[in-house]
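Chemist: Model the following, please.
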Amino acid sequence: MIKVVHVITGLEADGAETVLYSVASRMNRTRFESEVISLIEPGPMAARLEAAGIRVRSLGMKRGSANPLHVLRLARWIKESQPNLVQTWMYHADLLGGLAARFAGKPVVWGIHHSNLDPGQNKRLTIWTARICEVLSPWLPKRIVCCSEASRMAHAEFGYDEDKMEVIPNGFDLRVFQPDPAARKALRQELGLAADASLIGMAARFHVQKGHRNFVAAAAQLHARMPHVHFVLCGAGVDANNAELAAWIQQSSGLNDVCHLLGRRKDMHRLFAAFDVATSPSVSEAFPMAVGEAMACGTPCVVTDVGDSALIVGDTGKVVPAENPLALADAWESLLAAGAAARKEFGQAARNRVGRCFDVDAIVERYQKLYREVLALSGPSSAQQSSVAPLVG
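Modeler: Model prediction:
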């Protein structure tokens, strides 16, 4: 049995946390055991992990704190758990979890879910943490998993040890995210709209990198041409209490009546299946989960050419330059004007692409294979607990 302790900064329902859940909950339970340690107080993903039978603990750190005692405490927890290896997720967990794993004598695999290290778009602490990780990358981690090719390239340029990097993209469950004709009618009823209302949807937490201002500017342009189209935005911080977002919408003539701010949702599979077009207007991305989830639901996507967004979409949707509201509005209009039949063809092609390239079970197997390889290279002491069962499956 191979035991993996996963260390992550927090457990909100965001991209890296969702991937961690997919990996930990879907690994072959006859060959692998998982435990999760959150550096800060865990968010909603903790309950999902525990429901899947995975132990979750929290160090209880405060955001922005940097107490060396936390590393020692984490090292003690790791040593007590006796894993074969440690997998860390995101910069702060890479640094603290990597050092703790070294103190505990366990090999560590880092996880990178970021592709933009621009000081203007990241907190100073994030840049400092990434810089320390860059210095430590030649000797601390055994391997470095990047969630996208864009992440790999950005961090290699930043100075990370390129020889240790491997790209394992995010995966999607086509059994959860699938076309759902009933969802289309249900969402329009929820919003008080006609059954044939056209909906363009965006799912992302409110952050400068996600491009909400770009979305609103493009929505204003499209509204001038197609006033019947409605716009649905959801995600953490995307609700009526967001004064900044509300002001942008208010300042755009006519958008108040056609913009719907739904906040964080637990039924994204239903929302994505209900949109006519899903969109990602991001300024920066690594591997956007929302794009793959929408595609799996059979919904065509319009994305900005950042991170691996264009690679995910391929020829099943539209790709436009970042921070270009006119191009974004034009792409939305072209898909709406193409008609329902054409969008259905795009959507089916998008779902087929996700199945070929990003099926969650195939992605989980790549993590399992990586863990077996790391243990084989780390020597018999690291693999001792796994010798009970052959390293297969």
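Chemist: Tell me, how many residues neighbour the closest residue to A342 other than its chain neighbours?
Modeler: For A342, the nearest residue in space outside its immediate sequence neighbours is L335; the separation is 7.8 Å by C-beta to C-beta, 6 or more residues apart in numbering. (Glycine included, C-beta is placed from N, CA and C.) Residues lying near L335 (other C-beta atoms under 10 Å) number 21.
Chemist: same question, R29
Modeler: By other C-beta under 10 Å, the residues close to R29 number 12.
Chemist: one step back: distance of the residue nearest to A342 relative to F346?
Modeler: 7 Å (C-beta to C-beta, to the nearest Å).
Chemist: Identify the contacts common to those two.
Modeler: When contacts are counted by C-beta atoms under 8 Å, 6 or more residues apart in numbering, L335 and F346 have 300, 317 as shared neighbours.
Chemist: what are the ranges of the helices in the stretch 51-200 of the chain?
Modeler: Secondary structure of the stretch 51-200 of the chain (DSSP state H, counting those that start in this stretch): helices at 68-81, 91-104, 124-136, 149-158, 181-191.
Chemist: tell me what the first one is packed against?
Modeler: In this structure, helix 68-81 packs against strand 2-8, strand 32-40, strand 55-61, helix 91-104, with contacts taken as 3 or more C-beta pairs under 8 Å, 6 or more residues apart in numbering; DSSP states H and E.
Chemist: Check the shortest one too.
Modeler: Contact partners of helix 149-158 among helices and strands, from 3+ C-beta pairs under 8 Å, 6+ apart: helix 124-136, strand 143-146, strand 165-167.
Chemist: How about the second one?
Modeler: When contacts are defined as 3+ C-beta pairs under 8 Å, 6+ apart, helix 91-104 packs onto strand 2-8, strand 32-40, helix 68-81, strand 85-89, strand 108-112, helix 124-136.
Chemist: Tell me what angle the last one forms with helix 149-158.
Modeler: Taking axes from the mean of the first three to the mean of the last three C-alpha atoms, to 10 degrees, one finds that helix 124-136 is oriented at 70 degrees with respect to helix 149-158.
Chemist: try the third one
Modeler: Between helix 68-81 and helix 149-158, the angle comes out at 120 degrees (the same axes, to 10 degrees).
Chemist: And the second one, by the same measure?
Modeler: Note on geometry: by the same axes, to 10 degrees, strand 32-40 and helix 149-158 are set 60 degrees apart in direction.
Chemist: Distance from the chain centre to the helix or strand where Y21 lies, please.
Modeler: In this assignment (DSSP states H and E), Y21 forms part of helix 15-26. Counting by C-alpha atoms, centre = their mean, to the nearest Å, helix 15-26 is centred 9 Å from the centre of its parent chain.
Chemist: Show me what the mean pLDDT comes to for it.
Modeler: Across helix 15-26, pLDDT averages out at 93.
Chemist: Then stretch 243-258?
Modeler: Rounded mean pLDDT across stretch 243-258 is 93.
Chemist: Poorly predicted segments of the protein, please.
Modeler: 64-66, 379-393 (pLDDT under 70).
Chemist: Would you map out the domains in it?
Modeler: Annotated domains of the chain cover 2-171+359-388, 181-357 [automatic domain parsing].
Chemist: which one is L49 nearest to, not counting chain neighbours?
Modeler: Closest to L49 by C-beta to C-beta, 6+ apart is V56, at 5.1 Å.
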